[in-house]
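**Q** Below is the sequence, then the predicted model.
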Amino acid sequence: MYLFPPQTAFGKIVPKSRIYTHAAPSRRVRDLFVSQLSEIVWAHKLSPETLHLPATPGVPEIQIFDLTLKTDVLDDEVLQAIDRAIPYPLIHRLHSESGIAVSAAFKRPSEADSSQWVVGPRFTSSFIIQNSKFPPLPVALDLGHLYAALFVPLLPLPPRSGEELAAHIQRCETHQRLTRSIDQLTARIHREKQFNRRVALNQQLKPLLAERTALGLRQPAAAFPEPACWPGSQCSAEEKPEGVTFSTQPLPAAGCGDESGSRLHAVQVMNKLDLQTPDFTSVNIARLAELFPNCVTETKNPDGTLKRAIDFDLLSQELSHDLVEGPQERYRLDWPGKREALALANAPIRKTLRPARDESVDFDTTRNLYIEGDNLDA
């Protein structure tokens, strides 16, 4: 939202009939014009004559329209019809009882016919109070750069270094499309009753989240990307790298001995240490779930909580051509408690080896190591 120079003022009311003539909207859209829109005013004209800025092939002029709304809602099809009727880049200021908002669709001349304009994706700001003080127009070398400076604040993602406006808008449009797909897939996961189907849907969700996060980075992801957020910044759950914690603390500035000279420093990026051995049973179930998601089911722990498990009957059907069925003879060693020992071997261990210096001989120089403890623990 900017304060436009007085010499750019145009101040002419645009009849809705003129929009109907040039855009030929459907009867339903015309009804939206009547029910949602009170008045259209051609408020400002940004051109080489009014701003003394050179035009560019894609931006010969920029038009500013003031739209007075009857309600707080204006359908995008109404704005699209106005954009089709006006053959210049156009920025709308929407006025309602809630305040003022800005909406713009990226427009460019058609490559097939330069007299025709292509209306691209639309971006709209939220409403703010009318009496806010707006800054003057940004400094620009030409109308093309001015159009980009007016358009960028409406975009949901920050620009990248050297990125052209068309590429920036395409990245934002892809980000919005992915967000809609993620929201739809997340809703399906919440509605899904079967655990194996939720596992499969989550596998579809992960690459979408990763792609959306990459689009939001200020620079394209490298082969070994840095975290998208750093200490002291706001991070979303999907941007924050797993296994990494951020800590900040105030440190005194150089030459200052009191707290007034302190400033916030990002001091450490620490990896969390897992103080237990891997749960091999869970690892194996996860691997089987990737290969055979329809074989995953749920069982209850002794405390009543649910956990993932494998339905071995379904797994046998999946492997029916390769499974050795029946009690066939084979050489093997059995003893009572063998199955329980296998289960204990796969269970995670939460114990630590501690040196016993008082019971050792030449602890620092010996080459012999003796470990005392249960076989499965050691």
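**A** Nice, I can see it. None of the values given here were measured: they were computed from a predicted structure.

**Q** now the strands for the stretch 151-300 of the chain?
**A** 244-252, 262-271, 296-300 (DSSP state E, counting those that start in this stretch).

**Q** isn't there a helix covering residue 354?
**A** No. Counting by DSSP: H, G, I helix; E, B strand; the rest coil, residue 354 falls outside a helix, being coil.

**Q** what sits against residue 66?
**A** 40, 41, 43, 92, 93, 95 (C-beta atoms under 8 Å, 6 or more residues apart in numbering). Every residue, glycine included, has its C-beta placed from N, CA and C.

**Q** So which of the residues you listed belong to strands?
**A** Per DSSP state E, strands hold the following members of the contacts of residue 66: 40, 41, 43, 92, 93, 95.

**Q** Only whichever of these are buried, select them in PyMOL.
**A** The PyMOL command for the buried members of the ones in strands among the contacts of residue 66 (criterion: 16 or more other C-beta atoms under 10 Å) is given here:
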select buried, resi 40+41+43+92+93+95
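
**Q** Among the ones in strands among the contacts of residue 66, which one sits closest to residue 310?
**A** residue 92 (57.7 Å; C-beta to C-beta).

**Q** still on that earlier bit, want to throw the ones in strands among the contacts of residue 66 into TSV with distance to residue 76?
**A** Output for the ones in strands among the contacts of residue 66, formatted as TSV (distance: C-beta to C-beta, whole Å):
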residue	distance to residue 76
40	16
41	20
43	20
92	11
93	16
95	17
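
**Q** nearest to residue 29, of the ones in strands among the contacts of residue 66?
**A** Closest to residue 29 out of those is residue 40 (14.2 Å), distances taken as C-beta to C-beta.

**Q** re earlier: residue 123: which of the contacts of residue 66 is nearest?
**A** residue 92 (11.1 Å).

**Q** and the end-to-end length of stretch 43-52?
**A** End-to-end distance for stretch 43-52, by C-alpha to C-alpha, to the nearest Å: 18 Å.

**Q** got a list of contacts for it?
**A** So stretch 43-52 is contacted by 4-5, 7-11, 53-55, 60-66, 93, 137, 143, 146 (C-beta under 8 Å, 6+ apart).

**Q** do stretch 124-135 as well
**A** If you take C-beta under 8 Å, 6+ apart as the criterion, stretch 124-135 is touched by 1-3, 72, 94-96, 98-104, 153-154.

**Q** from those, which two are the most distant?
**A** Within the contacts of stretch 124-135, 3 and 72 form the most distant pair, 23.9 Å apart (C-beta to C-beta).

**Q** more crowded one of those two?
**A** More neighbours surround residue 72 than the other of residue 3 and residue 72, with 13 against 10 (other C-beta atoms under 10 Å).
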